[in-house]
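Visitor: Got a sequence here, can you model it:
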Amino acid sequence: MADVGRLVRDITQAAPRDSIAAWRVLPPRPAQYAPWPEYVDRRLIGILRGRGIDRPFTHQAHAIEALHGGRHIVVVTPTASGKTLCYNVPVLLRLLDEPTARALYMFPTKALSQDQLNELHHMSSALGQNIKAYTYDGDTPQSARHIIRAAGNIVITNPDMLHAAILPRHTQWMKLFQSLRYIVIDELHTYRGVFGSQVANVIRRLKRICQFYDASPTFICCSATIANPAELAQQIIEEPVEVIDDDGAPKAEKHFLLYNPPVVNRELGIRRSALLETRDLAARLLKEDVQTIVFARSRVAVELLVTYIKSHLRLKADEASDAVRGYRGGYLPLERRDIEAGLRSGQVRTVISTNALELGIDVGQLEVCLMVGYPGTISSTWQQAGRAGRRAGTSLAILVATSSPLDQFIAAHP
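Guide: Residues are numbered from 1 along each chain as shown. Sure, this is the predicted structure:
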């Protein structure tokens, strides 16, 4: 791990005058634990302890208890607080007790789906149980789809696929709907505005089909920290929910810098390109072997930054292909999986992404997050900043402001 504290000092000292609009240090916080509920299978506890999870955090234990009582829940805790355990443990417990049970997981992105699929495969293999988990999305081959419909204990999908391919053909999914016990809706905060109203209608159809097959599944919703989680969850699923927001996860120290590039034309109010400032920062971090994620606002900006960083450092083609990677929609599935694996192994040192990697995918021990421009919402800003420092050690997030009026307002009122 790099000395992030030294990096912050070096960056602030080298920055042009008045470029650091704000510098905040978020202090560390110790973990708060709770005992495992008595009904949790000892085999599952043993596997989790083998992975370093001796006891659940307070919010995880609270979620397990609420689901055991049959209540719908919404878990609202920050990035990297272990929300996955809040739904995987209850689902696996139910499958151990009832092997024919089914669960439906809904994620907004394919990257999240693949991340959760890997997690479930590791857990089921360690348990020695034949728990079948599959993704069902646009990347799923036609030859595999009928197998998933017949045999999937856990089906991982997204709202579009649920709407277009599963609900209209519910008679082909009879085994799923007849034995459906849990519906997981992760990253609930993304379902807002017009898109949220459309997802709410899809959930309404889903509930109606479950009722047709005499199933009454429990909803497990997870969200980043938002002000009105109960209201949002109840509007989406049209059921009363229990809010779980007693975050017990530990937090390492995090530095947050708001960097405003220097003015190049004072009369027009134009500042140096945020892309070029980000390129310089990313190149410097790469030279110091600091694993970094860079968030750009568009696919074009992703490709530009990849090219800029490679040419700026004069990397050879083979070095650049391993150390600096882009990540956006439009890449082939195998290419995306390769980049995700490279991030976890540390082979990829700098990844430039759209908001495709903003959500809760495990991307390893990233130490620094750079954001090219304000992401558009406070929630997205904290989600992106939370990609760095997920496990341990001091981390750094830098928001590089553009010349847009909104970015400049934020720089003046951090």
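
Visitor: In contact with residue 154, which residues?
Guide: Counting by C-beta atoms under 8 Å, 6 or more residues apart in numbering, residue 154 touches 91, 95, 102-105, 120, 131-134. C-betas here are computed from N, CA, C, even on glycine.

Visitor: residues touching the nearest residue to residue 27 once chain neighbours are set aside, list them.
Guide: Take residue 27 and drop its neighbours on the chain: the residue closest to it by C-beta to C-beta, 6 or more residues apart in numbering is residue 253, 6.3 Å away. Each residue near residue 253 by C-beta under 8 Å, 6+ apart is listed here: 25-28, 394-395.

Visitor: Most neighbours among the contacts of residue 154, which one is it?
Guide: When neighbours are counted by other C-beta atoms under 10 Å, residue 103 leads the contacts of residue 154 with 29 neighbours.

Visitor: who does the helix or strand hosting it pair up with?
Guide: Assigned by DSSP states H and E, residue 103 belongs to strand 102-106. The strands beside strand 102-106 in its sheet (DSSP bridges) come out as strand 154-157 (parallel), strand 180-185 (parallel).

Visitor: So which residues make contact with it?
Guide: By C-beta under 8 Å, 6+ apart, strand 102-106 touches 87, 91, 94-95, 113, 116, 152-159, 162, 175-177, 179-186, 217.

Visitor: so how many other residues sit close to residue 251?
Guide: Neighbours around residue 251, by other C-beta under 10 Å: 18.

Visitor: ditto for residue 146
Guide: 10.

Visitor: ok, residue 260 to residue 238 distance?
Guide: Here the criterion is C-beta to C-beta, to the nearest Å. By it, residue 260 lies 44 Å from residue 238.

Visitor: who has more neighbours, the two?
Guide: residue 260 (27 against 12).

Visitor: do you know how far residue 112 is from residue 84?
Guide: Per C-beta to C-beta, residue 112 is found 10 Å from residue 84.

Visitor: Let me know the secondary structure of residue 243.
Guide: Here residue 243 takes the strand state, with states given by DSSP: H, G, I helix; E, B strand; the rest coil.

Visitor: pLDDT below threshold where in the stretch 1-150 of the chain?
Guide: Across the stretch 1-150 of the chain, the ranges flagged by pLDDT under 70 are 1-2.

Visitor: Repeat the analysis, applying 90 as the threshold.
Guide: Scanning the stretch 1-150 of the chain for pLDDT under 90 picks out 1-18, 28-29, 51-52, 77-82, 108-119, 121-131, 138-144, 150.

Visitor: which is the next helix or strand following the longest helix seen in the chain?
Guide: Looking across the chain with DSSP state H, the single longest helix is helix 193-212. Downstream of helix 193-212, the next assigned helix or strand under DSSP H and E is strand 218-223.

Visitor: List the buried residues of the helix or strand just after that next one.
Guide: Per DSSP H and E, the first helix or strand lying C-terminal to strand 218-223 is helix 229-237. Buried residues in helix 229-237, counted by 16 or more other C-beta atoms under 10 Å: 229, 232-234, 236-237.

Visitor: now stretch 149-165
Guide: 149, 152-159, 161-163, 165.

Visitor: Point out where the stretch 201-350 of the chain drops to low pLDDT.
Guide: 223-227, 249-253, 263-271, 289, 310-323, 328-346.

Visitor: That one: strands as residue ranges?
Guide: Per DSSP state E, counting those that start in this stretch, the stretch 201-350 of the chain carries strands over the ranges 218-223, 242-244, 254-259, 263-265, 270-271, 292-295, 324-327, 350-353.

Visitor: Closest one of the buried residues of stretch 149-165 to residue 376?
Guide: residue 159 (20.1 Å; C-beta to C-beta).

Visitor: separation between the residue nearest to the closest one when sequence neighbours are not counted and residue 354?
Guide: Counting by C-beta to C-beta, 6+ apart, residue 159 lies nearest to residue 199, which is 5.0 Å off, once chain neighbours are set aside. Distance of residue 199 to residue 354, computed by C-beta to C-beta: 21 Å.

Visitor: Could you export the strands of the stretch 201-350 of the chain to a markdown table, including columns for distance to residue 140 and mean neighbour count?
Guide: Formatted as a markdown table, the strands of the stretch 201-350 of the chain follow (distance: least, C-beta to C-beta, whole Å; neighbours: other C-beta atoms under 10 Å):
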| stretch | distance to residue 140 | mean neighbour count |
| --- | --- | --- |
| strand 218-223 | 23 | 24 |
| strand 242-244 | 32 | 20 |
| strand 254-259 | 38 | 22 |
| strand 263-265 | 49 | 12 |
| strand 270-271 | 45 | 16 |
| strand 292-295 | 27 | 28 |
| strand 324-327 | 21 | 24 |
| strand 350-353 | 23 | 26 |
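
Visitor: Looking at those, which is nearest to residue 210?
Guide: Per C-beta to C-beta, nearest to residue 210 of those: strand 218-223, 10.7 Å.

Visitor: Partner strands of that closest one and their direction?
Guide: For strand 218-223, pairing defined by DSSP bridges yields strand 73-76 (parallel), strand 180-185 (parallel).

Visitor: Report the secondary structure element holding residue 9.
Guide: helix 4-14.

Visitor: quick one, helices of the stretch 1-150 of the chain?
Guide: For the stretch 1-150 of the chain, the helices defined by DSSP state H, counting those that start in this stretch cover 4-14, 42-50, 58-68, 83-97, 110-127, 142-151.

Visitor: Which residues are in contact with residue 17?
Guide: residue 262.

Visitor: quick one: it and residue 263, what's the gap?
Guide: Taking C-beta to C-beta as the measure, residue 17 falls 10 Å from residue 263.

Visitor: rewinding a little: need the strands of the stretch 201-350 of the chain in JSON lines with distance to residue 38, can you?
Guide: Shown next, in JSON lines, are these (distance: least, C-beta to C-beta, whole Å):
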{"stretch": "strand 218-223", "distance to residue 38": "20"}
{"stretch": "strand 242-244", "distance to residue 38": "20"}
{"stretch": "strand 254-259", "distance to residue 38": "36"}
{"stretch": "strand 263-265", "distance to residue 38": "64"}
{"stretch": "strand 270-271", "distance to residue 38": "60"}
{"stretch": "strand 292-295", "distance to residue 38": "41"}
{"stretch": "strand 324-327", "distance to residue 38": "43"}
{"stretch": "strand 350-353", "distance to residue 38": "43"}
